[in-house]
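Engineer: Predicted model, plus sequence, below.
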Number of protein chains: 2
Amino acid sequence: MESGYEAASMDAVAARAGVSKATIYVHFEGKRALFEAIIRRHTEILFSRIQLPEKISDLRQALTALARSFVEMILTPDALSMYRVVAAEAARQPEIGEAFYAAGPAYTRQKVGEYFLTLARRGLMRLEESEAPLLANLFLSMLAGDCHASAMFGRGQNKACLEEQIRTAVELLVSRYGM
Amino acid sequence: MESGYEAASMDAVAARAGVSKATIYVHFEGKRALFEAIIRRHTEILFSRIQLPEKISDLRQALTALARSFVEMILTPDALSMYRVVAAEAARQPEIGEAFYAAGPAYTRQKVGEYFLTLARRGLMRLEESEAPLLANLFLSMLAGDCHASAMFGRGQNKACLEEQIRTAVELLVSRYGM
DNA sequence: GTCTATATACGGATAGAC
DNA sequence: GTCTATCCGTATATAGAC
């Protein structure tokens, strides 16, 4: 995560793990297999952090809480590192890109889409079942928004701009799909 | 772009360029300097492809045209490769990440924000000047949306889903800010 | 299963001829 | 400015002792 796949040497990994290289090669076929195992495990851990609020009173409040939980996770140093590393290697190791996509973004979109339908069933949103996945996609994309790009490419994060972004994204959804 | 920064050897670059390694080292201080030059040049070329429609009759039509132009660009193999490579290296070479961010995402958001204000001045949008950058940010984020992630991590692109995504994002903006 | 020591190859960068 | 040939470090992976 610190160095990227190519630049991370097995010597460094072994040293950090407190074992010899030979020991690693007993447990994993090679560097790629080790990498894949790491990515698969970490993806699940990371994305399971997202909380879908259960106590729902107000639509605005529910969406805001969901938004904060999501944004907090994706701006984590761990999440940013993983995103970087997987994006870089996905071109050459498609199985890894797909595993990450399925257990990460696609899984989250699915869960959030289902959550929207729960909100609709409780009379808080006006939404057809077929629209849910697409709307979840658009909502999550807005939440990542510039903050994700800025954290990824620029120097740091801007907490104030982040709150405003969340608020506006929530407003946009409420004004079109709220009831 | 094919191999990533670390995995791309200077031998390979020299061979592809049809010169010897020594010749490259006459023109560039080292591998990093060459990489930085490539990224700076390519970022400008890529992002200058985005077209802001000049003939404006209808808000929906203008936003859709802008959306198509943007999405087409970011899903280009060139753009995807560059995104991957820069994301991967930005952690270790911050100047490169920042240069890409400034000439790419930030520049585009700025331009689109100004475009929104033009639309507002023509009476097509209800929008205050201070809201423009944030709205541009949210709109562009929705347009990238799942299609970008899917192209980045998954196997391919889905044209149908893409058109639907553009349509819904445009509708969301029109329903809240149109007049 | 774990270690040390090593095989083997390739990386970035440069010397020196032309 | 461009080449060929090479320096020197480090990479992945393995052999063989314990």
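Structural biologist: Ah, there it is.
Engineer: Can you list the helices and strands that the longest helix along chain A packs against?
Structural biologist: Longest helix in chain A, counting residues (DSSP state H): helix A:132-153. Other helices and strands packing on helix A:132-153, by 3 or more CB pairs under 8 Å, 6 or more residues apart in numbering or on different chains; DSSP states H and E, are helix A:59-74, helix A:77-90, helix A:107-121, helix A:159-177, helix B:77-90, helix B:94-101, helix B:132-153, helix B:159-177. C-beta coordinates here come from the backbone N, C-alpha and C atoms, glycine included.
Engineer: do you know which of those helices lies nearest DNA strand D?
Structural biologist: DNA strand D sits nearest to helix A:77-90 of all the helices and strands packed on helix A:132-153, at 13.0 Å, using CB to the nearest atom of the strand.
Engineer: Tell me if the closest one is near DNA strand D.
Structural biologist: No - on the criterion CB under 7 Å from any atom of the strand, helix A:77-90 is out of touch with DNA strand D, staying 13.0 Å away.
Engineer: could you give the angle of that helix to helix B:77-90?
Structural biologist: 140 degrees (axes from the mean of the first three to the mean of the last three CA atoms, to 10 degrees).
Engineer: how close does the residue in chain A sticking out farthest from the centre sit to DNA strand C?
Structural biologist: Within chain A, the residue lying farthest from the chain centre (CA atoms, centre = their mean) is A:Ala22, at 34.0 Å. For A:Ala22, the distance to DNA strand C equals 3 Å [CB to the nearest atom of the strand, to the nearest Å].
Engineer: in what helix or strand does that residue lie?
Structural biologist: Using DSSP states H and E, A:Ala22 maps to helix A:21-27.
Engineer: Could you check that helix and say which residues are buried?
Structural biologist: By neighbour count on 16 or more other CB atoms under 10 Å in any protein chain shown, the buried set for helix A:21-27 is A:Ile24.
Engineer: Off-centre distance for that helix?
Structural biologist: Taking CA atoms, centre = their mean, to the nearest Å, one finds helix A:21-27 lying 31 Å from the centre of the chain it belongs to.
Engineer: tell me what the following helix or strand past that helix is packed against?
Structural biologist: Remark: after helix A:21-27, the chain's next helix or strand is helix A:31-47, criterion DSSP H and E. Applying 3+ CB pairs under 8 Å, 6+ apart, we find helix A:31-47 packed against helix A:77-90, helix A:94-101.
Engineer: ok, the first one near chain B or not?
Structural biologist: Yes - figure legend: helix A:77-90 in contact with chain B (CB under 8 Å from any CB of the partner chain); contacting residues A:81, A:83-90.
Engineer: Closest to A:Leu173 out of the residues you listed?
Structural biologist: A:Tyr83 (24.3 Å; CB to CB).
Engineer: Does the closest one touch A:Met152 like I think?
Structural biologist: Yes - counting by CB atoms under 8 Å, A:Met152 is a contact partner of A:Tyr83 at 7.1 Å.
Engineer: between these two, what contacts are shared?
Structural biologist: B:Ala87 (CB atoms under 8 Å, 6 or more residues apart in numbering or on different chains).
Engineer: roughly how far apart are the residue nearest the centre of chain A and A:Gly4?
Structural biologist: Centroid check for chain A by CA atoms, centre = their mean gives A:Ile74 as the closest residue, at 5.0 Å. Remark: distance between A:Ile74 and A:Gly4 (CB to CB, to the nearest Å) = 19 Å.
Engineer: A:Leu127: neighbouring residues, count only.
Structural biologist: 20 (other CB atoms under 10 Å in any protein chain shown).
Engineer: what secondary structure does it sit in?
Structural biologist: Three-state call for A:Leu127 (DSSP: H, G, I helix; E, B strand; the rest coil): coil.
Engineer: Setting aside sequence neighbours, what's the nearest residue to it?
Structural biologist: Using CB to CB, 6 or more residues apart in numbering or on different chains and skipping residues adjacent in sequence, the residue nearest A:Leu127 is A:Ala120, 4.4 Å away.
Engineer: ditto for A:Met142
Structural biologist: Nearest non-adjacent residue to A:Met142, counting by CB to CB, 6+ apart: A:Ala169, 4.0 Å away.
Engineer: which ones are touching the one you found?
Structural biologist: Per CB under 8 Å, 6+ apart, neighbours of A:Ala169: A:67, A:139, A:142-143, A:145, B:138.
Engineer: Closest one of these to A:Ala160?
Structural biologist: A:Gly145 (14.0 Å).
Engineer: thought that closest one was touching A:Thr168?
Structural biologist: No - using CB under 8 Å, A:Gly145 is not in contact with A:Thr168, being 9.5 Å away.
Engineer: What is the nearest of the contacts of A:Ala169 to DNA strand C?
Structural biologist: A:Gly145 (34.9 Å).
Engineer: Now that closest one: closest residue in space that isn't a chain neighbour?
Structural biologist: A:Gly145's closest residue in space is B:Ser141 (CB to CB, 6+ apart), at 4.2 Å.
Engineer: so the one you found makes contact with A:Phe139?
Structural biologist: No - the pair B:Ser141 / A:Phe139 is not scored as a contact, 10.2 Å apart, by CB under 8 Å.
Engineer: Return the residues in contact with A:Thr108.
Structural biologist: A:Thr108 touches A:47, A:50, A:70, A:140, counting by CB under 8 Å, 6+ apart.
Engineer: Kindly recompute the last result at 10 Å.
Structural biologist: A:47-48, A:50, A:70, A:73-74, A:136-137, A:140 (CB atoms under 10 Å, 6 or more residues apart in numbering or on different chains).
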